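Chemist: quick one: sequence and predicted model below, then my questions.
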Amino acid sequence: MEESKEKNLVEIRKLLKELLVENLSLEDIRPEDIKDDEILFGEGLGLDSLDAVEIVVLLQRNFGLEVKDMKQGREIFYSVDTLARYIYENKKTT
Amino acid sequence: MYISGIGIVFTRGRGIDSFEKALKEGWREPSRTGLIPAYRVGPETLTDASLSKKIRRADRFSRMAVLSAVDAYGNSGITVNEREKLGIILATAFGPHTTTFSFLDDILDYGDANVSPTKFSNSVHNAAASYVSAILESRGPTVTLTQFKLAFQNALILAGSWIAEGRCDHVLCGCADELGMVMECACKMKLNIAKDGKINPFAFSDSPVSVPGEGSVFVMLSKEKGSNNYGKVGEISFSQNITRKPDLFVIDTDGMSAYETGYKDIINYDTVIAGYSPVFGSMLTGSAFNFAAAALMLKNQIAYKCIFQDNPFGAKLCVETSAKNLNEIYCIKICRPEIKTIVRLQK
């Protein structure tokens, strides 16, 4: 069970990194350059509020997930790993 | 007003040096990667490490405009400290149509709640001019002027009025147009595309051939003569007759207008004629590229050779690149018999 979850998370993280690079036009960054636990906003990857809106659209389009609660969004958008876990958990329940 | 700097992005690269090199080299085969032979701008031309963060979200259209505008500013060697006195005018025939159509497709595919906000902001016509303004920290007037055939000429008139009334000391005035998939389809249906990839600027035909192009040109226009002066923009007139002979005519024949027969009259002035559309491709805003070529010729006192296949009316063409005493060049665009624009450039 845990092994299957981890396998799924690895796949989601990989896909997320590809989507982030493509949708946020991160020109000088390759998907594999983004660390799983790297902070996305501010210092880490350096994303900003406009990127946050793009990620909201990206989650809706690719995973059918809506993030409306901004407080919750802050936790979810912390890193690729937190995003992947949110997708995994919410996709599973739907 | 004086031309104090030029920036350009076109099929053969970026910068006035690339353009000068292309004018000297002559014709090159267009790319054949799309629906039609065309002079496309490669992705490598649109990257700039020093601007990568500032233009990360910019689409191709905005990138072309930004790079040529920034280059024109840099080429002038002028530092505008009073940012309220730096104006920006972007002229375009079709604007960022690739992004606009993509945005509309996304609404159909994903619904209006799930479209990219960045894509929306780039689809706005004034986005490219806004990028230029933000990057150069201009506080002066910034506008985008959209018109099919005489966008650049009207932009020059507007720039001239801003400078004349003291609203601006400098105006970055340019044009940009891109060749997206939709435009390629439209060109294929509407234009007489040259299958051999060769535009005939001096055939003066009623069914001229074209090879669509894309790119951007910006000129820095200044109230005072700068250290890198290319020349002076004299008069810009519409529907007036040519009353005196310049040293050279530069004409906008590229197959985009069916009224190229109207240019035949210019032969009667017994003055050397040039036109460089085969270097950058057919564009409704091609006037800006020919204007840049004329300015470069005035500055360097060199006339660049014309690229042509046919000269059925025996026009006096510039057949080789050579030093020439150039004091005045007229850039001519004729759309219809009653619409003839003349931009007079002086040394």
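Modeler: Yep, it's here.
Chemist: hey, let's count contacts and neighbours off CA atoms from now on
Modeler: Fine.
Chemist: quick one: stretch B:120-140 near chain A?
Modeler: No. Stretch B:120-140 stays clear of chain A (CA under 8 Å from any CA of the partner chain), getting no nearer than 11.0 Å.
Chemist: sec struct for the spatially most central residue of chain A, please.
Modeler: In chain A, the residue lying closest to the centroid (CA atoms, centre = their mean) is A:Leu83, at 3.9 Å. For A:Leu83, the assignment made with DSSP: H, G, I helix; E, B strand; the rest coil gives helix.
Chemist: once you drop chain neighbours, what's closest to it?
Modeler: A:Ile76 (5.2 Å; CA to CA, 6 or more residues apart in numbering or on different chains).
Chemist: returning to that earlier point: how much space between the residue nearest to the centre of chain A and A:Val53?
Modeler: 14 Å (CA to CA, to the nearest Å).
Chemist: ok, B:Asp17 next?
Modeler: 41 Å.
Chemist: now do the contacts for the closest residue to chain B within chain A.
Modeler: Chain A approaches chain B most closely through A:Val57 (5.5 Å), counting by CA to the nearest CA. By CA atoms under 8 Å, 6 or more residues apart in numbering or on different chains, the contact list for A:Val57 reads B:114-116.
Chemist: 6 Å - rerun?
Modeler: B:Asn114 (CA atoms under 6 Å, 6 or more residues apart in numbering or on different chains).
Chemist: one more: B:Lys333?
Modeler: With CA under 6 Å, 6+ apart, B:Lys333 has these contacts: B:252, B:340-341.
Chemist: format the residues you listed as CSV; extra columns: secondary structure.
Modeler: Output for the contacts of B:Lys333, formatted as CSV (three-state DSSP):
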residue, secondary structure
B:Asp252, coil
B:Lys340, strand
B:Thr341, strand
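Chemist: now distance to B:Met183 too, for those residues, in CSV please.
Modeler: CSV is the format used below for the contacts of B:Lys333 (distance: CA to CA, whole Å):
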residue, distance to B:Met183
B:Asp252, 20
B:Lys340, 26
B:Thr341, 26
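Chemist: top of those residues by neighbour count?
Modeler: B:Asp252 (30 neighbours; other CA atoms under 10 Å in any protein chain shown).
Chemist: what separation do you get for the closest residue in space to that one that isn't next to it in sequence and chain A?
Modeler: The shortest distance from B:Asp252 to any non-neighbouring residue, by CA to CA, 6+ apart, is to B:Lys333 (5.3 Å). As for B:Lys333, its distance to chain A is 39 Å (criterion: CA to the nearest CA, to the nearest Å).
Chemist: tell me the confidence at B:Lys333?
Modeler: Per-residue pLDDT puts B:Lys333 at 94.
Chemist: cool, and A:Lys7?
Modeler: 89.
Chemist: so which residues of chain B form helices?
Modeler: B:16-25, B:60-76, B:97-110, B:117-123, B:127-136, B:151-164, B:181-190, B:277-280, B:286-300 (DSSP state H).
Chemist: packing partners for the second one?
Modeler: The one in question is helix B:60-76. strand B:2-10, strand B:215-222 (3 or more CA pairs under 6 Å, 6 or more residues apart in numbering or on different chains; DSSP states H and E).
Chemist: and among those strands, the most buried is which?
Modeler: Highest mean neighbour count among these (mean count of other CA atoms under 10 Å in any protein chain shown): strand B:215-222, with a mean of 31.
Chemist: from chain A, how far off is the residue lying closest to B:Asn327 once chain neighbours are set aside?
Modeler: Here the nearest residue to B:Asn327 in space, its sequence neighbours aside, is B:Lys347; by CA to CA, 6+ apart that works out to 4.9 Å. Distance, B:Lys347 to chain A, by CA to the nearest CA: 43 Å.
Chemist: what does the helix-or-strand element of chain A with minimal mean pLDDT contact?
Modeler: Within chain A, no helix or strand scores below helix A:70-76, which has a mean of 83 by mean pLDDT, DSSP states H and E. When contacts are defined by CA under 6 Å, 6+ apart, helix A:70-76 is touched by residues A:82-83.
Chemist: ok now it, how far from the chain's centre?
Modeler: 12 Å (CA atoms, centre = their mean, to the nearest Å).
Chemist: per-residue confidence at residue 63?
Modeler: All of this is about chain A. A:Phe63 is given a pLDDT of 92.
Chemist: that's the wrong chain, I meant chain B
Modeler: For B:Arg63, the predicted pLDDT is 97.
Chemist: give me the number of neighbouring residues for B:Gly166.
Modeler: 12.
Chemist: wait, B:Ile329 sits on B:Ile251?
Modeler: No. In this structure, B:Ile329 is not within contact of B:Ile251 by CA atoms under 6 Å, at 10.4 Å.
Chemist: now do the contacts for the residue lying closest to B:Thr99 once chain neighbours are set aside.
Modeler: Nearest residue to B:Thr99 in three dimensions, chain neighbours excluded: B:Ser123, at 5.2 Å (CA to CA, 6+ apart). Residues in contact with B:Ser123 (CA under 6 Å, 6+ apart) are B:96, B:99-100.
Chemist: which among those residues end up buried?
Modeler: By neighbour count, with 16 or more other CA atoms under 10 Å in any protein chain shown, the contacts of B:Ser123 hold B:96, B:99-100 as buried.
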